[in-house]
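Chemist: Here is a sequence with its predicted model. Questions after.
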Amino acid sequence: MLRIQFSMLMIALLAGATLSGCSKPQPAATGTPVAPAATHPAAHSDVFRFRIGTLDAFALKDGDIDVANDGKTFGIGQPSDQVAALLAAAGQPTDVLHLSIQPLLVRSGARILLFDTGAAGATFARAGRLPASLRAAGVQPSQVTDIFLSHRHPDHVGGLLTPEGALAFPNATIHLSIPEWEALKVKADVATLVSAITPKVATFQPNAAILPGLVTAVAVDGHTPGHSAYEIASGNERLLYMGDAAHHYVISVQRPDWTVQYDQDAPLAQASRRALLQRAADENLHVYAVHFPFPGLGHIKVQGDSFVWVPDR
Ligand SMILES: [Zn+2]
């Protein structure tokens, strides 16, 4: 869970935490930037268009989270210089870990699917750009037909409501796993959210084929009671949306067995993380990572007794 203490966030900010350049527009290796640059140039760096088989897909930037490298969130129980060494080897600052936030949009005929909704309103994030990113991709919120939540944390459900408390995607069915919904429903601090989305919620059994041939749930246990990744298919092509199976593109992938404060059942989450990374590597899956550097597309490769992230670009 992103239960980052406000003080930790302030420490990160005071320490001069900076973005890792994830919002810079880059030439596309597997996709293309969206629309002519003349229309809304500021928004285009927040949208990355690619394909899943015959489907149109878009990485939609919502925002950023910076986490101080103080041993309280990543690499709990590990010497701090171990985390710093991995960050330095990747060319990253060693005092802060940067997490991007980019929900995924997929168009399939008349259906418009959105995977997670970003961190609008969350105090630990600089976020809330999803509505603008969505529009820059040519989609109005009312056109979204299906939302797939990986889990209930605020950086994934934050965009479900407008600042006024209305449904941000009024025509969308909201899919989440049965155990995740059961856990969310009883949280008193999200009563407003639960009340607003209840008429739209459609629960599924872990690992269910939710939209057969298109979207299949992939249970990844331990992060939350019903955390789910998703596999999106088109013909022979597949994309694995990892959810929060892995948070940081270096630490989570290269040291999947290290404890992360966000994981509710850390040992179970660590085993699930390793298993999913192994499967992604074994099957050479195209992977979408909601918190890796934008646009979060790439592959997992085996490296020694763990793994490494190989981004598309
Ligand atoms: Zn998250």
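Modeler: That came through fine.
Chemist: and stretch 67-87, how far apart are its ends?
Modeler: End-to-end distance of stretch 67-87 (Cα to Cα, to the nearest Å): 13 Å.
Chemist: is it anywhere near the ion?
Modeler: No. Contact of stretch 67-87 with the ion (Cβ under 5 Å from the ion) is absent, the minimum separation being 11.2 Å. (C-beta placed from N, C-alpha, C; glycine too.)
Chemist: Buried ones in that stretch, by neighbour count?
Modeler: 67, 68, 69, 73, 74, 75, 83, 84, 86, 87 (16 or more other Cβ atoms under 10 Å).
Chemist: How are the helices of the protein distributed by residue range?
Modeler: Secondary structure of the chain (DSSP state H): helices located at 6-14, 41-44, 80-89, 130-136, 154-157, 178-185, 191-197, 251-254, 266-282.
Chemist: Can you say which of those helices is nearest to residue 123?
Modeler: helix 6-14 (6.3 Å; Cβ to Cβ).
Chemist: average pLDDT across that closest one?
Modeler: Here helix 6-14 scores 37 as its mean pLDDT.
Chemist: do the same with stretch 164-172
Modeler: pLDDT averaged over stretch 164-172 gives 97.
Chemist: which outside residues touch stretch 297-307?
Modeler: Here stretch 297-307 makes contact (Cβ atoms under 8 Å, 6 or more residues apart in numbering) with 30-31, 48, 50, 59, 253-257, 274, 277-278, 280-281, 284-289, 292, 308-313.
Chemist: what does stretch 194-207 give?
Modeler: With Cβ under 8 Å, 6+ apart, stretch 194-207 has contacts from 160-161, 165-167, 172-179, 181, 184-185, 187, 210, 216-219, 226, 228.
Chemist: now stretch 250-268
Modeler: Stretch 250-268 is contacted from outside by 1-3, 72-78, 83, 86-87, 90, 92, 97, 153, 221-225, 244, 246-247, 269-270, 273-274, 277, 300, 303, 306-309, using Cβ under 8 Å, 6+ apart.
Chemist: Can you give me the end-to-end span of that stretch?
Modeler: First-to-last distance for stretch 250-268 - Cα to Cα - comes to 20 Å.
Chemist: Over to stretch 285-303?
Modeler: With Cα to Cα, one end of stretch 285-303 sits 16 Å from the other.
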